[in-house]
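In: Provide a 3D model corresponding to the input given below.
(2 chains)
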Amino acid sequence: MMTAPVQTQTVDLVARFPGVVAAETRPGYTGFVVEKEKLVEVATALRDEFGYDLLTAVTAVDYLPENKMEVVYHAYKTTGGPGLVFRVQVPRVDPVEVPSLIHVYPGVDLQEREAWDLMGIRFTGHPDLRRILMWEGYEGHPLRKDWKEPFYEEEAKPFKSRWPEGKHILAEERNPFNDNLKFPPNFDPEKWVPDNEESLYAALKRYTVESEDGMNTDRIVVNMGPHHPSTHGVFRAALTLDGETIVGLKPVVGYLHRNHDKIGERNTFLQNMPYTDRLDYFNSMSNNLAYAITVEKLMNIPVAERAEYIRVIMAELSRVQNHLIFIGMLLNDLGAMYTPALYAFEERELILDIFEEVSGARMMCNYLRFGGVVRDVSPAAMHKIKDLVFDRLPAKTDEMERLLAENEVLVARLKGVRVVDAETAVKYSVTGPVLRAAGVPYDIRRADPYSIYDRFDFDVAVRQNGDMYDNFMIRVDEIRQSLRILGQAVKQIPDGPINSQKPQYQVRVPAGEAYGRIESPKGELAFYVVSNGKPNPWRYHVRPASFVNITCLEQMCIGTKIQDFVALLGMLDIVMGELDR
Amino acid sequence: MYGKGILKGLGVTWRRFWSTYLEDISWLLSGKKRYFTEEGVRHRSSKHARGIFTVQYPEEKLIIPEEFRYVPFLVYDEGEGGKKEVRCTSCGICAKVCPPQCIWIVRSNDPNTGRPIPEPTEFYIDADICMNCGFCAEYCPFDAIKMDHDFEIASYGRNVYSLEKLLKPASYYASIRPENYAREEEARKAKEAAKAAKAAAKPAA
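Out: You can find the predicted model right below:
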C-alpha cells in the first residue's frame, strides 16, 4: 500500500525575507503576512526557490471592524504535501491596491478579476482587470461587508420576522426599488446606454491585424454562447478568428451568478450545507464533503469512523457517475448524439437511486453533517451499492470503453489534438483530470490526503500526452480506480455511530480560518471559511474547479480551429452552477 | 484492421438493441408484466435492468424510497371525536434552522395572561422558496414537522401553504414513512414508560 508523501521540510519565509514577511500570529490563523510592496518578489521566490508551483486559490476578506482588507493566497507543490498560506493586508481605503501576481502565477487571472469585482481590490499590473461575474457599470462590490443586497432583511439568519410573529409576506411585496438598490452616481435611466461591451472587445483587440501581404485582412469576432447548445449552460466565449483558427478568446461568465458567497455569509454554518449541493449539481455529495471537511477543520472535531467510509463511498459514486456523464456529453458535443449519453444516464440513474434512498434526494443530497452524516446507510441500500460496485458498474464501464475507445472515427478526432501540456496546466492552476491527462500525477487524495483516503489502495490515474484522447481515456481510468476504492470501502466499512457529535442546529465554531480541499471529479474543490466565533461565517468562499480551470481556456484554444473549441471546452467538464456561483 | 473499433462499438449497440426485445419476450413468456406494474418498475431500477430502462411518467412512477423528502407538512394526532391534536409547539426551531427562511410562525398567546402557549396560531410555508433540505424535520424535537412524499404540487398560483393545508394526520405519516414512524413511536413510548416509572417510584421513596 502506498503511503502519502511526508512533508518534513518547513518553509522559513521570515528568515528568507526579514522585515518583509511576518509569521501570522492571530489565533486560528496560519501562514505568513507579506508586505504589499514585496509581494511579487516573495511569490517568485516561493515558486522558484521553495517549489510551490501551483497557486490554487486567491481570495479576499473584508475585515470591516479592523478597517482592513486582506488578500489570501494558497500555494501548493505539484509533488504533494501540505500547502502554504500567505496574505497581504491593506487598509480599507479606496482604491484598495495590491500588486497582481499574474506574471508569477498566470492562474490567478480570473480569480483576481473576481476579487476585484466582488471585493473591490485593484490588482495593479493585471492587464485585463474587468468585472467578471457582475456586469461593467455595476455599482459597488457585493462581497464587501457594508454592501446590502436587494430584499435585504438582516445581517444574518435566522431572521427575526419569521418567529414568533411570522406573518407571511411575499418577497415581491417588499418593494425591490427601496433603498436597497444602488445606482451609480448621476444615473439617469432615460439617458443610459448599454456599454456594448467595448472593454471586452478591447481586451481581444490586440490580436487584430490590419494588413497582410498588401491585402487588407481582418479578424472577425464571434460570440459563442451564451445560448449555444454545446457550452453546457449559459457560458459565452468571445473568440477572435483568423479564418477558422482561434487567435484570441475571452470567457464571459456570470449569467448564473447568484452571489453564493454572500448568501453563505448570511447563513449559519449548517444552513450552508444544502446550498453547497447547488454548486456542482452533478456531485452534491462531493460538495458536501468539501464543506464539511472545512468546517470540521475549524471546529477541530473528529468524524465518526463509519461516517468516514460512507462519505468516501458517496464521493466515489459521485465520481463514477460524473465521469460516465462526462463521456456521454463529450460524445454529444462531438456529434455522436445521445447513444453514449443515454447509456451513461442509465448508470447514473441507478447511482442516483442510491443517493435518494440514503439522503432523500437524487441530486440535492444534503447528506453530510459536521462530524458525520445525517443518517445511516440501511442494509438494503448497502446491498444495492454492492450490487452496483461489484456486478454492474465494472461491466458497464467495460462496455462504455468497448463502445467508444477503439472507434476509428472517434480516435481520429481525438488523438493528437492538443488540450494542454503539463507546464501550462500547472502555470494556469488547472487541477483534476485535465492536469493528470497532461502527465502531472497530482491527485489531492494522494498528494494531500483528506478523510480516510490514505487507507485505500488505488493508483493515481495519469496519462502522458495531454491530447484529447488522453483526456477522454483518463476518465475511464478514474472510474476504474474509483471502483477499486469503492470495493475496499464497502468491504471494510465498520459498524458504529454515524456522527461524532450530537445533532445540533447551531454549531459552535471557534474563530479562525480554514481551507479545506478535496479532489472533486472536476478538479480541486475547496472552501475557504473564516469564522469570528459567531453563528454565521464571516467569510465563506468557494474555490470551484470549473471556474479556475477555465483560466486556461484561452491558452488551450489559441492556434486550434473553432471546431475544436467545443471539444476543448467539453474536456474541462465545466458546470455553470459551480462556475458562476 | 481499420474499422474493427467501429464494429466492436456497433456490437454493443446491437446487443443493446436486441436485448430490449429479448427482455420483453422473456417477461411475456414468464407471464409477468414488465410495464405499468410495480414489479416491472422495480426491475427496471435494479442491477439486472436491461433493455428498456425508461419509466413512463405519469402512467408509471418510480418507487419512492422512505427517506424521499419534499415540501414539509405538520403532523397532528387524531384525538377523541376527531379532534386534531397538533404536535407543533411553535418553538420556532424549524423557522430558525430553515436555510431559505421560508417558514413563518405566529406563536399563540394566552388571551388572559398574555403568556405564550405551546401551539401555533398560524404557520406558513412558502413552498416556492422551500429548498426541500429537510432540516426542519431533522431538528424538530417534537416530531411535529415531517417531509412529504407528494411532489406533484404544480399550480397556477403561488404555493404558500397555511396551517390548514399543512396539517396531515399521523396515520398519513405512518403510511409514507413506516420505519421512521415505528422508531419514533417506540422512542416516545420508552420515554413515557420511563416517566411513569419515575412517577411510580416517587411516592414510594
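In: Note down every partner strand of the longest strand seen in chain B and its orientation.
Out: When chain B is parsed with DSSP state E, its longest strand is strand B:116-126. Using DSSP bridges, the strands paired with strand B:116-126 are strand B:103-109 (antiparallel), strand B:160-161 (antiparallel).
In: Comparing these, which comes out most buried?
Out: Highest mean neighbour count among those (mean count of other Cβ atoms under 10 Å in any protein chain shown): strand B:103-109, with a mean of 21. In short, each C-beta sits where N, CA and C put it, glycine included.
In: I would like the residues contacting that one, please.
Out: A:161-168, B:90, B:92, B:94-95, B:115-126, B:136 (Cβ atoms under 8 Å, 6 or more residues apart in numbering or on different chains).
In: Now do that strand, average pLDDT.
Out: Strand B:103-109 comes out with an average pLDDT of 87.
In: got it, and stretch B:183-203?
Out: Here the average pLDDT along stretch B:183-203 is 86.
In: In it, which residues are buried?
Out: Buried positions in stretch B:183-203, judged by neighbour count with 16 or more other Cβ atoms under 10 Å in any protein chain shown: B:E184.
In: Just checking it against chain A, any contact.
Out: No - counting by Cβ under 8 Å from any Cβ of the partner chain, chain A is not contacted by stretch B:183-203; separation bottoms out at 11.0 Å.
In: Go ahead and produce CSV holding the CA coordinates of that stretch.
Out: Only the C-alpha atoms of stretch B:183-203 are listed here, as CSV (Å, rounded to 0.1, in the frame of the first residue of the first chain):
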residue,chain,number,x,y,z
ARG,B,183,-38.9,4.0,15.5
GLU,B,184,-40.2,7.3,16.8
GLU,B,185,-43.3,5.7,18.4
GLU,B,186,-41.0,3.3,20.2
ALA,B,187,-38.8,6.1,21.5
ARG,B,188,-41.8,8.0,22.6
LYS,B,189,-43.3,5.0,24.5
ALA,B,190,-39.9,4.3,26.1
LYS,B,191,-39.8,7.9,27.2
GLU,B,192,-43.3,7.8,28.6
ALA,B,193,-42.6,4.5,30.4
ALA,B,194,-39.5,6.0,32.0
LYS,B,195,-41.6,8.9,33.1
ALA,B,196,-44.3,6.7,34.5
ALA,B,197,-41.7,4.6,36.3
LYS,B,198,-40.2,7.7,37.8
ALA,B,199,-43.6,8.9,38.9
ALA,B,200,-44.3,5.5,40.4
ALA,B,201,-41.0,5.4,42.2
LYS,B,202,-41.5,8.8,43.7
PRO,B,203,-44.3,8.2,46.3
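In: Which per-residue confidence value corresponds to residue 5?
Out: Assuming you mean chain A. 48.
In: Oops, wrong one, chain B.
Out: So, for B:G5, pLDDT stands at 87.
In: now swap in A:Q9 and tell me
Out: 50.
In: Also A:M1?
Out: 41.
In: element containing the spatially closest residue to A:D280 that is not a sequence neighbour, please.
Out: Among residues not flanking A:D280 along the chain, A:E578 sits closest, at 4.1 Å (Cβ to Cβ, 6 or more residues apart in numbering or on different chains). Element membership of A:E578, judged by DSSP states H and E, is helix A:576-579.
In: gap between the longest strand of chain B and the chain center?
Out: Relative to its chain's centre, strand B:116-126 lies at 22 Å (Cα atoms, centre = their mean, to the nearest Å).
In: contacts for that strand?
Out: Contacts with strand B:116-126, where a contact means Cβ under 8 Å, 6+ apart, come from A:164, A:166-168, A:170, B:71-72, B:74, B:86, B:88-91, B:102-110, B:158-163, B:166.
In: list the buried ones in that strand?
Out: So strand B:116-126, judged by 16+ other Cβ under 10 Å, has buried residues B:120, B:122-126.
In: same deal with stretch B:63-82?
Out: Those would be B:65, B:67-76, for stretch B:63-82 by 16+ other Cβ under 10 Å.
In: What of stretch A:93-110?
Out: A:96, A:98-102, A:104-110.
In: how about it as PDB, C-alpha atoms only?
Out: Extracted in PDB, the C-alpha atoms of stretch A:93-110 (Å, rounded to 0.1, in the frame of the first residue of the first chain):
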ATOM      1  CA  VAL A  93      -9.400  52.900   1.900                       C
ATOM      2  CA  ASP A  94     -10.400  53.100  -1.800                       C
ATOM      3  CA  PRO A  95      -8.700  52.400  -4.000                       C
ATOM      4  CA  VAL A  96      -7.500  49.200  -2.300                       C
ATOM      5  CA  GLU A  97      -4.500  48.300  -4.300                       C
ATOM      6  CA  VAL A  98      -2.500  45.100  -4.300                       C
ATOM      7  CA  PRO A  99       0.100  44.000  -6.900                       C
ATOM      8  CA  SER A 100      -1.100  41.400  -9.300                       C
ATOM      9  CA  LEU A 101       0.600  38.000  -9.300                       C
ATOM     10  CA  ILE A 102      -0.400  37.300 -12.900                       C
ATOM     11  CA  HIS A 103       3.200  37.300 -14.100                       C
ATOM     12  CA  VAL A 104       4.300  34.800 -11.500                       C
ATOM     13  CA  TYR A 105       1.200  32.600 -11.400                       C
ATOM     14  CA  PRO A 106      -0.900  33.200 -14.600                       C
ATOM     15  CA  GLY A 107      -3.600  31.100 -13.000                       C
ATOM     16  CA  VAL A 108      -4.700  33.900 -10.800                       C
ATOM     17  CA  ASP A 109      -6.200  35.800 -13.800                       C
ATOM     18  CA  LEU A 110      -9.800  35.100 -13.300                       C
END
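In: Where does the stretch 351-500 of chain A get nearest to chain B, residue-wise?
Out: A:E406 (3.1 Å; Cβ to the nearest Cβ).
In: thinking again about what came up before, in strands only, show me the buried residues of stretch B:63-82.
Out: Per DSSP E, the buried residues of stretch B:63-82 map to strands at B:70-76.
In: Out of those residues, the closest to chain A would be?
Out: Closest to chain A, out of all of these and judged by Cβ to the nearest Cβ, is B:Y70, at 8.8 Å.
In: Break the chain down into its domains, please.
Out: Let's take chain A. By the record's domain assignment, chain A is partitioned as A:13-124, A:197-256+A:544-581, A:260-543 (automatic domain parsing).
In: Please refer instead to chain B.
Out: According to automatic domain parsing, the ranges for chain B are B:1-63, B:70-190.
In: Span of the last one from start to end?
Out: So that's domain B:70-190. For domain B:70-190, the first and last residues are 29 Å from each other (Cα to Cα, to the nearest Å).
In: re earlier: got a markdown table for the ones in strands among the buried residues of stretch B:63-82, with pLDDT and distance to chain A too?
Out: Formatted as a markdown table, those follow (pLDDT from 0 to 100; distance: Cβ to the nearest Cβ, whole Å):
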| residue | pLDDT | distance to chain A |
| --- | --- | --- |
| B:Y70 | 91 | 9 |
| B:V71 | 90 | 12 |
| B:P72 | 92 | 12 |
| B:F73 | 92 | 15 |
| B:L74 | 91 | 14 |
| B:V75 | 91 | 17 |
| B:Y76 | 90 | 20 |
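In: Establish whether the helix or strand of chain B with the lowest mean pLDDT and chain A are in contact.
Out: Lowest by mean pLDDT, DSSP states H and E among the helices and strands of chain B is strand B:84-86, with a mean of 84. No - contact of strand B:84-86 with chain A (Cβ under 8 Å from any Cβ) is absent, the minimum separation being 15.9 Å.
In: strands paired with that strand, and their directions?
Out: Checking strand B:84-86 against DSSP bridges gives partners strand B:70-78 (antiparallel).
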